[in-house]
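Visitor: Need the 3D shape of this:
(chains A and B)
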Amino acid sequence: MDTMLTRRRAIQIGATATGGLALGIAFSGGESDAARGKEGGKIGLYVRIEPDSRVTIGAPSAEMGQGINTALPMMVAEELDVDWAQVAIEQMPLMIKKSDDGQSYTWVHFPQGAGGSNSIISGWPLLREAGARARRLLVMAAAARWKVPAGECITSAGVISHTKSKRTLRYGDVAAEAATLTDPAEAPKLKSRNDYRILGKPTRNAQSLAIVTGREEFGVDAEMPGMLHAVIARAPAFDVQIQAVDDAAARAVKGVKHVVRLDGPKADEPYTTVIAAGVAVVADTLWAAMKGREALKVTWSTSPWANETTEGSRAEAVRMMRGRGQIVNNEGDFDGAIKKAARVVEHVYEVPYVSHATLEPQNCIAHVHANGIDIVAPTQTPGRASRVANAITGVDRGKIAVKMTRLGGGFGRRLEVDYVAEAVLISREVKAPVRVFWTREDDLAHDFYRPDGRHHMILGVDEAGKVIAWKHRLASAGKNNRREGVKPEEIWQADFYEMDFPGKLVPNFQREYFLLPSGAPRRSWRAPGHTANAFAIHSFLDEAARELGKDPLAFQLEILGTEDRDIPWESDGAVFNPARLAGVLKLAAERAGWGAPVPAGRGRGIAGHFTFSSYCAHVVEVSVVNGKLTVERVVTAIDCGFAVNPLGVRAQVEGGINDALSVALAQEITVKNGAVVERNFDTYRMMRIDGSPKAIDVHIVDSPRDPTGVGEPPVPPFAPALCNAIFAATGKRIRRLPIGDQLSL
Amino acid sequence: MKLSVNGVSRDYHGDPDMPLLWFLREDLKLKGAKPGCLIAQCGACTVHVNGEAMRSCSLPMSTLADARVETVEALSKDGLHPVQRAWIEEDVAQCGYCQTGQIMAVVALLKANPKPTDTDIDEALSNLCRCGTYNRIRKAVHRAAVLMAEGK
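Guide: Numbering: from 1, shown residues only, chains lettered A, B, ... in the order given. Predicted coordinates:
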């Protein structure tokens, strides 16, 4: 983070069209032509102050429901020292510039990809500094006008005051002068937390009014003049290719203008552009394109995966796991320790493929024209959208403009840019702006699914009941499947996390991986491997504790120990602190009355997990009556460092609980004859309001540490806490998700 | 054929099979109703037809002669309908994609049942929210009921 600030210290100051201050960091030369063309009168990177004191703050990340277009602007607004109620927020487009060697492109300033619950961590140093620099310039301008030292001036809510002479100026009064000043190189002084008026205060979603009135623009709502509409008949099974196309009837549909063939990746080729072969029907209206697709006749090759079924893959995992797999982590001597163990416990847990199923189906507008490419997309990775457009067309990335809309959900699906590639390919072919629209059937049949997996867990304890050996064996289809340029070890390492419990806490420890063959595309699904691994690990902990005659919470706390120490996570610089995980477990337990009796027919379960950089624990209380499961109450404790927006944190916890519950109850993508069976919400069953918990209590740990993300951490510990509660209530252990009808027997 | 949309009379001469959702979104550019599943499962496209909450993705234009259609755009000029206010005050939305449909469903619910219990809400609302804002939706429905009872 410091190197980034040093390298990109330069500030760009400019005037707005009406003579105000537009401020951005490093907004100087080399940025994309598209961004530069929009500079005049538009927002700088982060702050625009008009002469009438209106303040606009740029939101650089992708908003998909994680509240980032509220949280990041709060950081700028706090240090800028303005009244939050007066701030307007504007979504920034992709902003890249040529790297120093001129060979590639890099971020102008802010890493705009949204994944891994990372935006808050990236934003914390960069955006507070941006706000503080703008404030300092405004103060300098006021001080110069008054001919007083800047140090004698103070600010509050967009007003600069010189107390001695009792003079005040609004930011807008000096914005034009501030725009002519040179920003000092040294870092501005940031506020202490005690002085915060915006950060740390419960703050509502800044786009609420636009959302409830239907005015907020999602990808599907965007338009481009002269835009055509495309829907695509994609391969009916994995890696199927087009053999013949009879488009006579499709072309006869009124409004249909083009039929475009898109070749797909061959089996085992990386997914570099589209996810599957397809034939696009392009029309002047969406409805005509849909009717045209119905009339299309395509002859497809046989799938190389034609024999793949869900049952077959499960059996294959069992067969493979009788042998030896790839050892991913190895500490101490597991084999020796397990032989000496006084007692060994082992169980198997299974998770299915699941789909992202963003409620807004995939879509993208692209226009490949003589001067470059314009893209409008709901994407978590505008940088990748630009890269794939460049890879397809050879157009320099400096001439590719990517406008980001709000996303109707992301969950990792929109880290992928296959739907952007489709729009670019079709627009290039038909020489017009084109919107590609996916139906739900397209979306469920052609997702990059969360991999399935079979987890074989083994632990051994010594005579004193202390855990001396732990092994996690996993067979899965792997999320890094057919990623371009992926190294073999990146495939088998991707589904484990180094710091998954109980890494570095048990002396003799092993992880073993088996890669299952499958034709289903797979990638990251909200918190990726954590959702599967946490279910296996924390179900197993609960089960093992009970078999060893221990309280599940006490058992986990025993393994975590009491030492408050940061263990570095080698793979990405984050740290894991066992005391912080113990902290959220104890806090949730205490607030939920862990250990106190529950009413008959009810049970409580607990699980806590470290996901990326935050710690979250749930105590779930359920009742099961005649096979009907009700989640009566969830008590959550979360430690995400300083809570930038406590209301946003609560929303992410509640939403994460409902998402995880919905997945655990009924979500499962199954495969038959090398194709996905579930095609819409009638068979891919997502939870409705009647299934959501009756009560959720959220407790946020008051932490002196810097903030970390909350978009993913509430999800992984929920399913195991739920299933542990079900066991406590009924004695029925859920070892395979989804729960489905397992409670009705 | 003619139908009324948000109080304005509209002519339609296109394909009788086309769903109302596309007429609203593509022809009239009223984009508050969203496509989600196109089989009346998710409710993101909910609008009012002759005063009832309906899923516009599955209503062919042929069934709508002389119908009275209202969309979220007509609910209020300024976002100050009690249900919209309750949505803002309870900070319901996350991604927000389903919320216009949820709001239209709740306006219809409160017309039929001005003081619903949690059980009534669970039984009446079947719109999907992929972000899982259900707990705040319950709270917002209760708040809207109070606002409406107070005539605010």
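Visitor: For the chain, give me the ranges with low pLDDT.
Guide: Let's take chain A. A:1-45, A:571-573, A:745 (pLDDT under 70).
Visitor: hm, I was asking about chain B
Guide: Residue ranges of chain B with pLDDT under 70: B:152.
Visitor: where do the strands sit along it?
Guide: Ranges of strands in chain B, per DSSP state E, are B:2-5, B:8-11, B:46-49, B:52-55, B:68-70.
Visitor: Of those strands, flag the one that's most buried.
Guide: The highest mean neighbour count among the strands of chain B, using mean count of other Cβ atoms under 10 Å in any protein chain shown, belongs to strand B:46-49: a mean of 25. No exception for glycine: its C-beta is placed from N, CA and C like everyone else's.
Visitor: which ones are touching the residue nearest the centre of chain B?
Guide: In chain B, the residue lying closest to the centroid (Cα atoms, centre = their mean) is residue B:104, at 2.4 Å. Applying Cβ atoms under 8 Å, 6 or more residues apart in numbering or on different chains, we find residue B:104 in contact with B:33, B:46-48, B:53, B:71-72, B:75.
Visitor: if we can go back for a sec, so which of the strands of chain B gets nearest chain A?
Guide: strand B:46-49 (10.4 Å; Cβ to the nearest Cβ).
Visitor: check whether stretch A:78-90 contacts chain B.
Guide: No. If you take Cβ under 8 Å from any Cβ of the partner chain as the test, stretch A:78-90 misses chain B, and the best it gets is 13.2 Å.
Visitor: hmm, who's touching that stretch?
Guide: A:43, A:47, A:53-59, A:69-70, A:73-74, A:77, A:128-132, A:134-135, A:155-158, A:171, A:188, A:190-191, A:196-199, A:203, A:206-207.
Visitor: Could I get the phi/psi values of residue A:675?
Guide: With angles defined as degrees, to the nearest 10, residue A:675 sits at phi -140, psi 160.
Visitor: before we move on, back to that, which residue sits closest to the residue nearest to the centre of chain B, ignoring its sequence neighbours?
Guide: Using Cβ to Cβ, 6 or more residues apart in numbering or on different chains and skipping the chain neighbours, the partner closest in space to residue B:104 is residue B:46 (4.4 Å).
Visitor: That neighbour is in contact with residue B:106, isn't it?
Guide: No. The criterion here is Cβ atoms under 8 Å, and residue B:46 misses it with residue B:106 at 9.6 Å.
Visitor: The residue of the stretch 301-450 of chain A found nearest chain B and residue B:100, how far apart?
Guide: Closest residue of the stretch 301-450 of chain A to chain B, Cβ to the nearest Cβ: residue A:408 (3.2 Å). Plainly put, residue A:408 is 11 Å away from residue B:100 if you go by Cβ to Cβ, to the nearest Å.
Visitor: Between the two, which contacts overlap?
Guide: residue B:34.
Visitor: Can stretch A:290-301 be said to contact chain B?
Guide: Yes. For stretch A:290-301, a contact with chain B is found by Cβ under 8 Å from any Cβ, at residue A:291.
Visitor: Show residues contacting that stretch.
Guide: A:231-233, A:235-237, A:240-247, A:249-253, A:255-256, A:259, A:277, A:279, A:281, A:283, A:439, B:15.
Visitor: Show me which residues of the stretch 151-300 of chain A sit near chain B.
Guide: Going by Cβ under 8 Å from any Cβ, the residues of the stretch 151-300 of chain A near chain B are A:204-205, A:207-209, A:211-218, A:220-221, A:285-287, A:291.
Visitor: where's residue A:557, which helix or strand?
Guide: Assessed by DSSP states H and E, residue A:557 sits inside helix A:552-560.
Visitor: what packs against that helix?
Guide: If you count contacts as 3 or more Cβ pairs under 8 Å, 6 or more residues apart in numbering or on different chains; DSSP states H and E, helix A:552-560 packs onto helix A:529-547, helix A:578-592, strand A:602-611.
Visitor: Tell me which of these sits nearest to chain B.
Guide: Evaluated with Cβ to the nearest Cβ, the helices and strands packed on helix A:552-560 place helix A:529-547 nearest to chain B, the distance being 14.3 Å.
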